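>>> Could you look at this predicted model? Sequence included:
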Amino acid sequence: MMTSAGKVFRTGRLYALLSIFAVFSAFPFYWMIIATFKRDHDLFSPTNNPFLFNEPPTLDHLRLLLFDTHFLTYLLNTFLVGMAVVAITLIIAVPAAYSLARWARGWGEMLGIGIFLTYLVPPAILFIPLSRFAAAFGLQESLWSLILIYPTFTIPFCTWLLMGFFKTIPRDIEEQAMIDGLSRLGAMVKVVLPLAISGILTIVVFAFTLSMHEFIYALTFISVSAKKTVSIGVPTELVRGDVFQWGPLMAGALIASTPVAVVYTFFLDRFIAGFTMGAVK
Amino acid sequence: MARVELENISKLFGATTAVNEVNLQTIEGEFLVLLGPSGCGKTTLLRMIAGIETPSSGDIVIDGEKVTHLPPRTRNIAMVFQSYALYPHMTVFKNIAFPLRTRGVDRTAIREKVEQAAGMFGIGSLLERKPRELSGGERQRVALARAIVREPSVFLLDEPLSNLDAILRASAREELRLFQRRLGVTTVYVTHDQVEAMGLGDRIVVMNKGRVHQVGTPPEIYQWPADTFVATFVGSPPMNLIEQGDVLAGFRPETFLPAGPATENEGFVTYPFQVTWLEYLGAERLVYGDIGEKCCARHVVSRLPGNISIPIEPGKTYPFAVAKKAIRHFDRASGRLIDTGKT
Ligand SMILES: Nc1ncnc2c1ncn2[C@@H]1O[C@H](COP(=O)(O)OP(=O)(O)OP(=O)(O)O)[C@@H](O)[C@H]1O
Ligand SMILES: [Mg+2]
């Protein structure tokens, strides 16, 4: 009796904790959904219950967002920048992480940590010198400035993360592949990369979301509305002076964040694996 | 089928010398065993032959061609790692087919060869499984099948049986030997298990601390150990060594038997044997004790076969004798064998 009561108590506690966490994570989405579809009058009247629709829902905010702003262009820009950043990150981080994990024995470790440290230098320090660079190369008001600058933080982070993945792949296996007739590069492409696929997916998702939510550089380099990404387009175009257009703002946030949330949920296990592998070693 | 020649090979890892000036030639088609304690450089030596590791100095010659600095893929060598190193993301079929695919063999030929190799090791029914769905013994067979499928000229095996349980190991040993005979491929086999070495090897290379101590057939190694290291490393229990001035006299435990009428002649030496401990092992008894004077008493072991049933009790002294021709003499300072017996 004792044990089964204890068991019930323990599972109960677990579920209670999980429920709190689930509510905590889902609440912003609930808030965005409700604000997207609420009439302005309902949204701004202080006597109304903020958690419910007090008046019938409306599509006005969504309409304004999609047809009266450049939101769809922002989405497209974000997507283009994200994809280009992912491609550049993969091209550089994969070979870098592989060689750091495999070749330089003691040094690889220290170099890896050094590379990770560069990730910690805040953009707030870097954006002024980098904007001078962007100007010197004539890249202001161009998505290229973002495409070239975002890898400065995605590459260090992703390299460090991937090193952890590569270290978990036994050397024996690629040495076997070399004995079985491949060059080192061939062994990496045909044997090591397929085994590191979860790590590679992790950095794809990561590079994409990092570039998607980046704010300072985008704000500094881009001011033409049609070139903005979602992360600056929504707050700059939908906050006029001190007037917050909460409905369209929330609609924009909802549309941009839902796909990311879905992808994260889908890859969650691999994500966690990626993190603990990198961290615990 | 090929000849592998190692010319003065050394390998240093920082300050440690893993392999120290090794000279070795294989004979075509032979089964050569590298035997030595853990950490003596066996794996390193094998990896240098395979080309995964480059020697710090010295040369590797395969079939008359110097391959010291050539990558593994140019050497037509197959290797089975201690961990088997199966490709976890591929089925058994793809694992075995891998060395053929990298060489651009065409599909129908691949299927035929893979099935033949799998049949040889009795794993034809496992071809669609992934390595994680196999037992240890099955994995080992897959690794062997993958190694032979492309008909290598040299076959390198790094303790391939050490992950198997004792019963499986005995049968795998027999199979391995039979199939090596059938293929006639020059094989270099690494082990730290002397029973495996004695049972499998045409010749044995005994190594310690990166150096080769002796190369010879199992009887040569056992009966004429080149030095005290080989004498005490090979054989269980090891050779007894007793001090006689500047010389160490050595004899195998099974040659040290109770004295009787047959041993009272010129050909034998008799010692009073103070028994301290006795082990009954079924087919034989191991008798531990000391011989000689108090000052330089030496601990020795006698191995009595089951058919010698005389009662022996710890704490008592018995006359034991050893044939003079079974005694080997080693230089005490260098440990080298003095009389080679091949006079
Ligand atoms: N990559 C390496 N870096 C540094 N030292 C190494 C490396 N590989 C081997 N060594 C050292 O070289 C020596 C020989 O190692 P090796 O693996 O060849 O031994 P072994 O005879 O195969 O041992 P075991 O029977 O335990 O497998 C050891 O002292 C080992 O620590
Ligand atoms: Mg080894």
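Everything's here; your move. Ligands and ions are numbered 1, 2, ... in the order given.

>>> Quick one: residues in contact with stretch A:129-143.
Contact with stretch A:129-143 is made by A:77, A:80-81, A:145, A:148-149, A:152, A:217, A:220-224, A:227, as judged by CB atoms under 8 Å, 6 or more residues apart in numbering or on different chains. Backbone N, C-alpha and C define where each C-beta goes, glycine included.

>>> CA atoms of that stretch as PDB?
Extracted in PDB, the C-alpha atoms of stretch A:129-143 (Å, rounded to 0.1, in the frame of the first residue of the first chain):
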ATOM      1  CA  PRO A 129      32.800  48.300 -36.400                       C
ATOM      2  CA  LEU A 130      30.900  45.800 -38.600                       C
ATOM      3  CA  SER A 131      28.700  48.500 -40.000                       C
ATOM      4  CA  ARG A 132      31.900  50.300 -41.100                       C
ATOM      5  CA  PHE A 133      32.900  47.200 -42.900                       C
ATOM      6  CA  ALA A 134      29.400  46.900 -44.500                       C
ATOM      7  CA  ALA A 135      29.700  50.500 -45.700                       C
ATOM      8  CA  ALA A 136      33.200  49.900 -47.000                       C
ATOM      9  CA  PHE A 137      32.000  46.900 -49.100                       C
ATOM     10  CA  GLY A 138      28.800  48.800 -50.200                       C
ATOM     11  CA  LEU A 139      26.600  46.300 -48.500                       C
ATOM     12  CA  GLN A 140      24.200  48.700 -46.600                       C
ATOM     13  CA  GLU A 141      20.600  48.100 -47.300                       C
ATOM     14  CA  SER A 142      21.400  44.700 -48.700                       C
ATOM     15  CA  LEU A 143      20.500  41.300 -47.400                       C
END
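
>>> and the contacts of stretch A:129-143, which of them are in strands?
In strands, judged by DSSP state E, none of these are found.

>>> Type out the PyMOL command that picks the buried ones from those.
Buried subset of the contacts of stretch A:129-143, written as a PyMOL selection, criterion 16 or more other CB atoms under 10 Å in any protein chain shown:
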select buried, chain A and resi 77+81+145+148+149+217+220+221+222+227
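
>>> now, among the contacts of stretch A:129-143, which is nearest to residue B:156?
residue A:152 (46.0 Å; CB to CB).

>>> For whichever residue of the stretch 151-300 of chain B sits closest to ligand 1, list the residues it contacts.
Residue of the stretch 151-300 of chain B nearest ligand 1, by CB to the nearest ligand atom: residue B:192 (4.6 Å). Residues in contact with residue B:192 (CB under 8 Å, 6+ apart) are B:35-38, B:42, B:159.

>>> Could you tell me how many residues sit around residue B:252?
When neighbours are counted by other CB atoms under 10 Å in any protein chain shown, residue B:252 registers 22.

>>> what pLDDT does it get?
At residue B:252 the predicted local distance difference test score is 95.

>>> can I assume it is in contact with residue B:236?
No: using CB atoms under 8 Å, residue B:252 makes no contact with residue B:236, being 10.7 Å away.

>>> Spatially central residue in the chain, please.
I'll assume chain A. Nearest to the geometric centre of chain A sits residue A:209, at 1.8 Å (CA atoms, centre = their mean).

>>> wrong chain, I was asking about chain B
In chain B, the centroid-proximal residue (CA atoms, centre = their mean) is residue B:197; its distance is 2.9 Å.

>>> Find the closest residue to ligand 1 in the stretch 101-250 of chain A.
Distances between the stretch 101-250 of chain A and ligand 1 by CB to the nearest ligand atom are smallest at residue A:105, namely 7.6 Å.

>>> check contacts around residue 191.
You didn't say which chain, so I picked chain A. Contacts for residue A:191 (CB under 8 Å, 6+ apart) come out as A:173-174, A:177, A:182, B:87.

>>> Chain B is the one I meant
Contacts for residue B:191 (CB under 8 Å, 6+ apart) come out as B:33-35, B:42, B:159, B:161-162, B:197, B:200.

>>> Kindly report the same for residue B:210.
With CB under 8 Å, 6+ apart, residue B:210 has these contacts: B:10-11, B:17-20, B:22, B:40-41.

>>> near chain A, which residues of the stretch 1-150 of chain B show up?
Selection of the stretch 1-150 of chain B residues close to chain A by CB under 8 Å from any CB of the partner chain yields B:47, B:50-52, B:71-73, B:77-79, B:81, B:83, B:85-89, B:98-99, B:102-103, B:146.

>>> same thing but 7 Å
Residues of the stretch 1-150 of chain B found near chain A (CB under 7 Å from any CB of the partner chain) are B:50, B:52, B:71-73, B:77-79, B:81, B:83, B:85, B:87-89, B:98-99, B:102-103.

>>> What's the PyMOL syntax to select whichever of these are buried?
Those of the residues of the stretch 1-150 of chain B next to chain A that count as buried under 16+ other CB under 10 Å are selected in PyMOL with:
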select buried, chain B and resi 50+52+72+73+77+78+79+81+83+85+87+98+99+102
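
>>> separation between the nearest residue to residue B:70 once chain neighbours are set aside and residue B:220?
Using CB to CB, 6 or more residues apart in numbering or on different chains and skipping residues adjacent in sequence, the residue nearest residue B:70 is residue B:51, 6.4 Å away. Distance, residue B:51 to residue B:220, using CB to CB, to the nearest Å: 31 Å.

>>> So the two - more neighbours on which side?
A side-by-side neighbour count of residue B:51 and residue B:220, using other CB under 10 Å, places residue B:51 first with 23 against 16.

>>> Give me the pLDDT for that one.
94.

>>> I'd like the average pLDDT over stretch A:157-168.
Regarding stretch A:157-168, the rounded mean pLDDT is 90.

>>> Same question for stretch A:215-224.
88.

>>> end to end, how far does it reach?
Using CA to CA, to the nearest Å, the end-to-end distance of stretch A:215-224 comes to 15 Å.

>>> And stretch B:7-24, by the same measure?
End-to-end distance for stretch B:7-24: 7 Å, by CA to CA.

>>> Could you do stretch B:273-292 as well?
Start-to-end span of stretch B:273-292 (CA to CA) is 8 Å.

>>> Can you give the distance of that stretch from its chain's centre?
Computed by CA atoms, centre = their mean, to the nearest Å, the chain-centroid distance of stretch B:273-292 equals 27 Å.

>>> related to what we said a few turns ago, from what I can see the residue nearest to the centre of chain A touches residue A:261, true?
No: applying CB atoms under 7 Å as the test, residue A:209 and residue A:261 come out as separate, 10.3 Å apart.
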